[in-house]
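Novice: Pasting the sequence and the predicted model now:
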Amino acid sequence: MDTVYLIIVLAPLLAAAIAGLFGRQIGRIGAHSVTILAVGLSFVLSAVVFYQHVFNGVPVYNETVYTWMFTDGLHFEIGFLVDNLTALMMLVVTFVSLMVHVYTIGYMADDPGYQRFFAYISLFTFAMLMLVMANNFLQLFFGWEAVGLVSYLLIGFWYKRPTATYANMKAFIVNRVGDFGFLIGIATLVFYAGSLNYTEVFAEAEAMRDAVITIWPGWTFGLLDLALIFLFIGAMGKSAQVPLHVWLPDSMEGPTPISALIHAATMVTAGIFMVARMSPLYEYSVAALSFILVIGAITAFFMGLIGLVQNDIKRVVAYSTLSQLGYMTVALGASAYAAAVFHLMTHAFFKALLFLAAGSVIIAMHHLQDMRAMGGLRRYMPVTYATALIGSLALIGFPFFSGFFSKDAIIEAVGYSQTPGATFAYWLVLLGVFVTALYTFRMFFLVFHGEERFDQAHKYMPDHGDDHHDENGDEHHHDHGPLKPKESPWVVTVPLVLLAIPSVVAGYFIGPILFGDFFADSLFVLEEQDVLAQKGKGYTGVLAFVLHGLMLPAFWLAMAGLVSAWYLYIRRPDLPGVIAHRLRLGVRILEAKYGFDTFNDRVLAGGSRRLGHWLWRYGDVFAIDGVLVNGTARSVGWIAARARSIQTGFLYHYAFVMIIGLLVLIFAFVI
């Protein structure tokens, strides 16, 4: 199996190198062929690994592949830990990546950076696989930073567009903040446990629970609490939790295929996976779990509200991702790690589907993204319409769709939780169900139903558009005349259909994944905190779970959100404007995204620039250049000038000075 694991990881890396370094030689067909074949091979082998581990009972694989360095008792190694959790993540990552690769052939067909884009997304797959397959903190950190780097490259793919360079720098800087905390957390654990290996660090969990650390005199903290909170700060950056969420909506500046890959299978899922993998540590820190629970609940509800006022189709889906990541985070804080991973899996399928469906709409609308210029597209795009409907129903948790099973499990698990903050989190995630259904079907109805508003496209094209660029990266806003939407080509619609299938059926595996022993060797939960075990006591099958869910408030809130969206945007499309006018203060707050961007731009970034300017002016120019460097030079020059004035060259001047000096000495020592 060693060779299989290496092929799964290295095939996308090799393909990325070929497409990136030899793209001009192999051409477009060569670039997409080599990367799709490599990722397809990784997917097939990942499916084999999943089958072997889940159905054939292959034991957990935890071995070192390569020892890089040994110093001061620490082994710096590359190694793989492959269990059911890893196998599931490998399957999800490679499948979604494969669909994105195929989809990209149609979406990026006219883009001059075609080969470069395929190289990047293949490299992205490699980085995420390295992260999820790691058995030690060194490799975890490598994968962690690698996905951050590639996301930076992909968000700023059209690097000559100012908004794209702003977005990728924003993502890079915000993640540096999170990664600083992540590194502190790793260093704290390694310092105490004396090892980078997961198994050896996990073995010290109970001992670390009682250990304390003094940051400064009089301030003592639990070592494990502090380390795990810092680890989660890293996850807040990668998985876009408040207040480190601000980069994710702006990541929409990248091409749509990468939006799907970032939001569904890579980058943002890294934080969720990491906390789940660290469950043997987090279970012993109530403070860390409570912190995670509250942050996730705030993200789930309040980020969903912003989706209600977005007009860009991709940004609506982006804020949906923020909200759904909040649900996963809440599950982690409630010790329902399996529910978090289960929702990660189902969400990967239907969120990739929604993003790619949005991209299909954008293609049909000549790269227009504003929903105010759409409407009635169901008549022109039947495949995109049907798959987008499936993705939307899965997202809101409609019965028998995958999101219904995973989201309901999270809400009920939080209801059972005794972790501090659980009641607060429960009400927010419950109310978030209504918000999710409202913004999801607001988007769906505005895009696919109602009157056609194509004649208004010219109003929104200049400011909104996932435009393609020429060789120099310059934007082109083509005047296509009257818009005539049509269904996308098969390389776009086939991935939509293939993603729609698991968006429906993935939820039916809820029994073994949540209430069985699927994660028995992967996740650790203390008996007194096992909320899924309490929920599982009444589980008798999928149909019974659905019937039970129909009686819960989450289902009725979802239906209320769906009906409200229908009434507001189909039955009475005049009402949203009236409501927005009456609630204009609230709308302005949501449009301002609660002021996070303003605060970051004006206070943090602006303040940093002002501080830097002040330090440059008074530290560099005045103190260093003015006082130390130039001041020293001027002082030496002044002294030298004065010294030169007494060097006249006349003998009687020197004789006079000698006589005066002799008299001074006589006066001092004789008299």
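Specialist: Yep, that arrived.
Novice: gap between residue 133 and residue 621?
Specialist: 51 Å (CB to CB, to the nearest Å). Just so you know, the C-beta spots here come from the backbone N, C-alpha and C atoms, and that holds for glycine as well.
Novice: Who has more neighbours out of the two?
Specialist: Just comparing residue 133 and residue 621: by other CB atoms under 10 Å the higher neighbour count belongs to residue 133, 26 against 12.
Novice: can you tell me which residues contact that one?
Specialist: Applying CB atoms under 8 Å, 6 or more residues apart in numbering, we find residue 133 in contact with 5, 8, 9, 80, 81, 82, 86, 90, 139.
Novice: what element comes up after the host helix or strand of residue 7 heading to the C-terminus?
Specialist: Element membership of residue 7, judged by DSSP states H and E, is helix 2-21. Once the chain leaves helix 2-21, the next helix or strand it forms, by DSSP H and E, is helix 23-54.
Novice: Strand partners (parallel or antiparallel) of the next helix or strand after that next one?
Specialist: Next in sequence after helix 23-54, counting helices and strands by DSSP H and E, comes strand 61-71. Strand 61-71 pairs in its sheet with strand 74-82 (antiparallel), by DSSP bridges.
Novice: could you give the angle of the partner strand to helix 23-54?
Specialist: Relative orientation of strand 74-82 versus helix 23-54 (axes from the mean of the first three to the mean of the last three CA atoms, to 10 degrees): 70 degrees.
Novice: And the strands in this structure?
Specialist: 61-71, 74-82, 212-216, 219-222 (DSSP state E).
Novice: So residue 560 sits against residue 437, correct?
Specialist: Yes. Counting by CB atoms under 8 Å, residue 560 does reach residue 437; the two are 7.4 Å apart.
Novice: Looking at those two, which is more packed in?
Specialist: Using other CB under 10 Å as the criterion, residue 560 and residue 437 rank with residue 437 on top: 26 against 15.
Novice: My guess is that one contacts residue 556. True?
Specialist: No. The pair residue 437 / residue 556 is not scored as a contact, 10.5 Å apart, by CB under 8 Å.
Novice: so where's the chain shaky on pLDDT?
Specialist: The chain contains residues with pLDDT under 70 at 457-458, 460-483, 671.
Novice: which residues does the most centrally placed residue in the chain contact?
Specialist: Residue closest to the mean C-alpha point of the chain, counted by CA atoms, centre = their mean, is residue 268 at 2.9 Å. Contact partners of residue 268, counting by CB under 8 Å, 6+ apart, are 238, 239, 240, 248, 262, 321, 325.
Novice: Just the ones of those in helices?
Specialist: 238, 248, 262, 321, 325 (DSSP state H).
Novice: Does residue 257 touch residue 100 like I think?
Specialist: Yes. Using CB under 8 Å as the test, residue 257 is close enough to residue 100 to be in contact (5.0 Å).
Novice: sorry, back to before: so for residue 32, which of the strands of the chain sits nearest?
Specialist: strand 74-82 (28.5 Å; CB to CB).
Novice: how much space between the nearest residue to residue 268 once chain neighbours are set aside and residue 56?
Specialist: Among residues not flanking residue 268 along the chain, residue 239 sits closest, at 5.1 Å (CB to CB, 6 or more residues apart in numbering). Distance of residue 239 to residue 56, given as CB to CB: 32 Å.
Novice: Between the two, which has more neighbouring residues?
Specialist: Using other CB under 10 Å, the more surrounded residue of residue 239 and residue 56 is residue 239, with 31 against 7.
Novice: tell me the contacts of the more buried one?
Specialist: Contacts of residue 239 (CB under 8 Å, 6+ apart): 268, 269, 270, 271, 272, 325, 328, 329.
Novice: Tell me the one among those nearest to residue 22.
Specialist: residue 270 (29.6 Å).
Novice: That closest one - how many residues pack around it?
Specialist: 24.
Novice: Let me know how buried the residue lying closest to it once chain neighbours are set aside is, in neighbour terms.
Specialist: Nearest residue to residue 270, sequence neighbours excluded (CB to CB, 6+ apart): residue 238, at 4.6 Å. Residues lying near residue 238 (other CB under 10 Å) number 30.
Novice: In this structure residue 238 contacts residue 143, no?
Specialist: No. Counting by CB under 8 Å, residue 238 does not reach residue 143; the two are 10.7 Å apart.
Novice: joint contacts of those two?
Specialist: Joint contacts of residue 238 and residue 143 (CB under 8 Å, 6+ apart) are residue 270.
Novice: Now for residue 143: which residues touch it?
Specialist: Contacts of residue 143 by CB under 8 Å, 6+ apart are 127, 128, 129, 130, 131, 132, 134, 270.
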